[in-house]
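Visitor: when you get a sec, could you give me coordinates for this:
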Amino acid sequence: MSSLFGTVSKVHNGYDQDEVDDFFDHARQVYEGRAEGRLTSTDIQTSVFDLVRGGYDTREVDAALDRLEGAFIARQRAEYVAAHGQQAWMNALAERARTLYGRLGRPDGEKFAPAERGKPAYDVDDVDDLCDRLVAYFDRQVPLSAAEVREATFTRRRGADGYAEGPVDAFFARAIEVLLGVE
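Guide: Take a look at the predicted model:
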């Protein structure tokens, strides 16, 4: 069997090939309807693989995961539109977008809880800036893609000098789902 992805040298770490191959094989089976169960964008976003010497190139696998997530959301959209109509899909997306507004409406510096003392955190200004871009997208249709949100990086901080990472990551994962639903 040929490799799905390129590998890194034996002195560098990459994703465990067996774990990645198993995940993508399962995803293909679910997508093709040959496996029971459902695979959601959250399942794809939260997939993790062990790092091993000489494993798959992490950038290649991460890019494939992004494409996979887009394919599953596109299929979900097509199925929903076929059953309920385009306007119902847009209404459902608008409702999901509204769930983001509570946090987006908070004052800068207060959108997320601070990280615990000594814990890794994201820079408050960096996160607030991306939140402002989401507001501009939703309120004024200023262009913003799911890829831009996904690729955003935040300066690292520690403790109360930054936002706790988990809630920030979860929030932007939901934002990405909404953006992908429109794209």
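
Visitor: can you map out the helices along the chain?
Guide: 17-31, 41-45, 58-84, 86-104, 124-140, 146-151, 165-182 (DSSP state H).

Visitor: buried sites along the fifth one?
Guide: Buried residues in helix 124-140, counting neighbours by 16 or more other CB atoms under 10 Å, are found at 124, 126-128, 130-131, 133-134, 137-138. Placement of C-beta: from N, CA and C, glycine included.

Visitor: and what of the last one?
Guide: The neighbour-count check on helix 165-182 (16+ other CB under 10 Å) flags 165, 168, 171-181 as buried.

Visitor: on that earlier part again, quick one: closest of the helices of the chain to residue 52.
Guide: Closest to residue 52 of the helices of the chain is helix 17-31 (CB to CB; 7.9 Å).

Visitor: can you list contacts of the closest one?
Guide: Outside helix 17-31, the residues that touch it by CB atoms under 8 Å, 6 or more residues apart in numbering are 3-5, 7, 35, 37-39, 44, 47, 49-50, 52, 55-56, 61, 64, 68, 71-72, 75.
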